[in-house]
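Participant: Take a look and give me a structure for this.
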Amino acid sequence: MMGLMASEETRTMTPPTVRSSAAHEAREPGGSSTRAWTMRLLVLGIVLSALNLRPAITSLGALLEEVRDGLGMSGSVAGLLTSVPPLCFAVFGVMAPRLARRFGAGAVVCAGMAAIATGLAIRPYAGGTAGFLAASALALMGIAVSNVLMPVIVKHWFPDRVGSMTGLYSMALALGTALAAAVTVPLTDTLGGSWQSGLALWAGLAVAAVLPWLPFVRGRAAAPGAGERGGDGPASAGGAVAETPASDGTQPGRKETSAPASTGHAREETSASASTTPAREEAPRLRITRSRTAWALAVFFGLQATAAYITMGWMAQIFRDAGVPAGTAGLLLAVTMVMGVPLAFVIPRLATRLPHQGPIVLALGVCGLAGYAGLYLAPAGGAWAWAVLLGVANCAFPLALTMVGMRARSGPGVAQLSAFAQSTGYLISIPGPLLVGVLYQHSGGWGLPIALMSALMIPQMAVGYLAGRDRTVEDEAGR
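Facilitator: Below you'll find the predicted structure:
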């Protein structure tokens, strides 16, 4: 998989030790081999984790009508259910940097995948709406912390390949989203038509995602003082990850230590560990709320999340109400999601090459407006075209992640910006899916909900254009 990631210029600063590590590894071939396997394991972990960040939502969207009937939900309660993901992302996502400082990002992501597996396994059988919501919240808690930490991990471990790695991660995320939408209904039919079985089967994918992170958990726990707060390394730097592979391969999650290149072999173990990882970065003392760019990015993140969760939760139902069969409606939702597979790799790479990402924001917004117009005028007649257009519009998510990496100069800065933008953004997105459910129930049709979705696209384009300007939060928040 590493062959997919060509080295590229980005607006990120490459720490000096990244460049010097090549010389050290040339002197010690074993260290180079260990680092290569560690990085492959890390990439596998990122990809498998990304595959698990949306099936909990899109598998439910494909079977929403069956779940509503089985649990006796009204349209308003179903709207509440589709609002649970952004609520959990807002509440639990803000905890991610603190947890990463305490336990290491690898350990937190591993625990997140375990939470997803547990929640998805028990929610169909929890009994009643309250139990279903509680188990969903457990799975979404794991998704929330992983959402926030992925840009941090990418920035820390791949500082010169932010665009490529964000694209790979976003592509895997889109693939998992589309896969769940496409195959949940057919698999449910194969398993006897039980919606409980159709939802529970996705726990298996989350179990697989736990495995690549286990060495990082073990290494972090073995490192003395790894869990301590404070200090001047990335473990205490606003959530930037201090989790690094040791050169001997025994502690892949070991906390990195500071060792100047001139210390030589007197501190051989320390320098060997530090040479395989990015240099430690001083934590910027950012008042992130002072940054206009941070606010623009947070609002953009929130509005694109609103559109995404409305789409994932309700689009299949829109098609089904227009007379489209359930299986075909699931495939249409899958088409919308699968558009992110190629575009999630192309858009971040394109974004890192442009001085201003605003034109990409506007292009995606126009596609969204066209898709909503089609859903209103001819939902069944042009269903495949509307699914494609809305799929292109949903690629605002990988663009937002890429801009998080570009709007801060350091790993700690990215951690603070990622937590602020995602937590604030998901708070903004909570009312959207709920309001769609209320409007749908009380109006008896989709005219008002689609009008709401179209109206929200205009401010999304405006704040996205502002967030795409070439500046950093360190410059604004430090004034």
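Participant: what comes up buried for the helix or strand where Glu476 lies?
Facilitator: Taking DSSP states H and E as the definition, Glu476 sits inside helix 473-477. Buried residues in helix 473-477, counted by 16 or more other Cβ atoms under 10 Å: Val473, Glu474, Glu476, Ala477. The way it works is simple: take the backbone N, C-alpha and C, and place the C-beta from them, glycine included.
Participant: what sits against the first one?
Facilitator: So that's Val473. Under the criterion of Cβ atoms under 8 Å, 6 or more residues apart in numbering, the contact partners of Val473 comprise Leu286, Ile288, Ser291, Thr293, Ala294, Arg407, Ala408, Gly413, Gln416, Leu417.
Participant: Model confidence at the second one, what's the number?
Facilitator: I take that to be Ile288. At Ile288, the predicted lDDT confidence score is 85.
Participant: Kindly report the same for the third one.
Facilitator: Ser291 is assigned 90 on the pLDDT scale.
Participant: Listing request: residues of this protein with sub-threshold pLDDT.
Facilitator: Low-confidence segments of the chain (pLDDT under 70): 1-32, 218-285, 478-479.
Participant: Can you say which helix or strand has the residue minimising distance to the centre of it in it?
Facilitator: Using Cα atoms, centre = their mean, the residue of the chain that lies closest to the mean C-alpha position is Asn147, 3.7 Å off. Assigned by DSSP H and E, Asn147 falls within helix 128-157.
Participant: Okay, buried residues for that helix please.
Facilitator: Of the residues in helix 128-157, those buried by neighbour count under the rule 16+ other Cβ under 10 Å are 129, 132-133, 135-157.
Participant: Could you count how many residues lie near Ser194?
Facilitator: Burial of Ser194 is recorded as 14 neighbouring residues (other Cβ atoms under 10 Å).
Participant: does it really touch Thr188, like I thought?
Facilitator: Yes. In this structure, Ser194 is within contact of Thr188 by Cβ atoms under 8 Å, at 6.8 Å.
Participant: is it fair to say Asp470 lies in a strand?
Facilitator: No. When DSSP: H, G, I helix; E, B strand; the rest coil is applied, Asp470 is found to be coil, with no strand at that position.
Participant: Can you tell me, leaving aside adjacent residues, what's nearest to it?
Facilitator: In this structure, Asp470 finds its nearest non-sequential neighbour in Pro355, 4.9 Å apart by Cβ to Cβ, 6 or more residues apart in numbering.
Participant: got it, and Trp202?
Facilitator: The shortest distance from Trp202 to any non-neighbouring residue, by Cβ to Cβ, 6+ apart, is to Pro55 (4.5 Å).
Participant: can you count the residues close to that neighbour?
Facilitator: Pro55 has 27 neighbours, counted by other Cβ under 10 Å.
Participant: thought it was touching Ala178?
Facilitator: No. Proximity of Pro55 to Ala178 does not meet the contact threshold set by Cβ under 8 Å, at 9.8 Å.
Participant: Quick one: work out the angle between the very next helix or strand once past the helix holding Asn147 and helix 128-157.
Facilitator: Next along the chain after helix 128-157, taking DSSP H and E as the criterion, comes helix 162-190. Interaxial angle of helix 162-190 relative to helix 128-157 (axes from the mean of the first three to the mean of the last three Cα atoms, to 10 degrees): 150 degrees.
Participant: OK, contacts around the closest residue to Met95 other than its chain neighbours?
Facilitator: For Met95, ignoring the flanking residues on the chain, the nearest one in space by Cβ to Cβ, 6+ apart is Val145 at 6.7 Å. The neighbourhood of Val145, defined by Cβ under 8 Å, 6+ apart, consists of Phe92, Gly93, Met95, Ala96, Leu99, Val108, Val109, Ala111, Gly112.
Participant: any idea how far the third one lies from Pro412?
Facilitator: From Met95 across to Pro412, the span is 17 Å (Cβ to Cβ, to the nearest Å).
Participant: Check for me that Gly192 belongs to a strand.
Facilitator: No. The secondary structure assignment for Gly192 gives coil rather than a strand, going by three-state DSSP.
Participant: how near is it to Gly198?
Facilitator: Gly192 sits at a distance of 10 Å from Gly198 (criterion: Cβ to Cβ).
Participant: So if I had to pick from the two, which one is more boxed in?
Facilitator: For Gly192 versus Gly198, the count of surrounding residues by other Cβ under 10 Å is larger for Gly198: 27 against 8.
Participant: In which helix or strand does that one reside?
Facilitator: Using DSSP H and E, Gly198 sits in helix 195-200.
Participant: and that helix, what does it pack onto?
Facilitator: The contact analysis (3 or more Cβ pairs under 8 Å, 6 or more residues apart in numbering; DSSP states H and E) places helix 195-200 against helix 55-62, helix 64-71, helix 105-122, helix 162-190.
Participant: okay if I get the ones you listed as CSV plus distance to Phe300?
Facilitator: What follows is the helices and strands packed on helix 195-200, written out as CSV (distance: least, Cβ to Cβ, whole Å):
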stretch, distance to Phe300
helix 55-62, 20
helix 64-71, 27
helix 105-122, 24
helix 162-190, 16
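Participant: what angle do the host helix or strand of Val346 and helix 162-190 make?
Facilitator: Of the helices and strands defined by DSSP H and E, Val346 is found in helix 340-352. An angle of 170 degrees separates the directions of helix 340-352 and helix 162-190 when computed by the same axes, to 10 degrees.
Participant: got a list of contacts for helix 340-352?
Facilitator: By Cβ under 8 Å, 6+ apart, the surrounding residues in contact with helix 340-352 are 8-11, 162-164, 166-168, 170-171, 173-175, 177-178, 357, 360, 391-392, 394-395, 397-399, 401-403, 406.
Participant: what's the distance between Leu417 and Tyr169?
Facilitator: Per Cβ to Cβ, Leu417 is found 17 Å from Tyr169.
Participant: Give me the more crowded residue out of the two.
Facilitator: In this view Leu417 and Tyr169 are compared by other Cβ under 10 Å, and Leu417 has more residues nearby, 30 against 26.
Participant: now the closest residue to Arg54 other than its chain neighbours: how far from Arg471?
Facilitator: Taking Cβ to Cβ, 6+ apart, and ignoring the residues beside it in sequence, Arg54 has Thr177 as its nearest neighbour in space, at 3.8 Å. Remark: distance between Thr177 and Arg471 (Cβ to Cβ) = 31 Å.
Participant: Need the max-distance pair from the contacts of Val145.
Facilitator: When the contacts of Val145 are compared pair by pair using Cβ to Cβ, the farthest-apart members prove to be Gly93 and Ala111, with a separation of 14.3 Å.
Participant: For these two, indicate the residue with more neighbours.
Facilitator: Between Gly93 and Ala111, counted using other Cβ under 10 Å, the more crowded position is Gly93 (28 against 19).
Participant: Perfect, that will be all.
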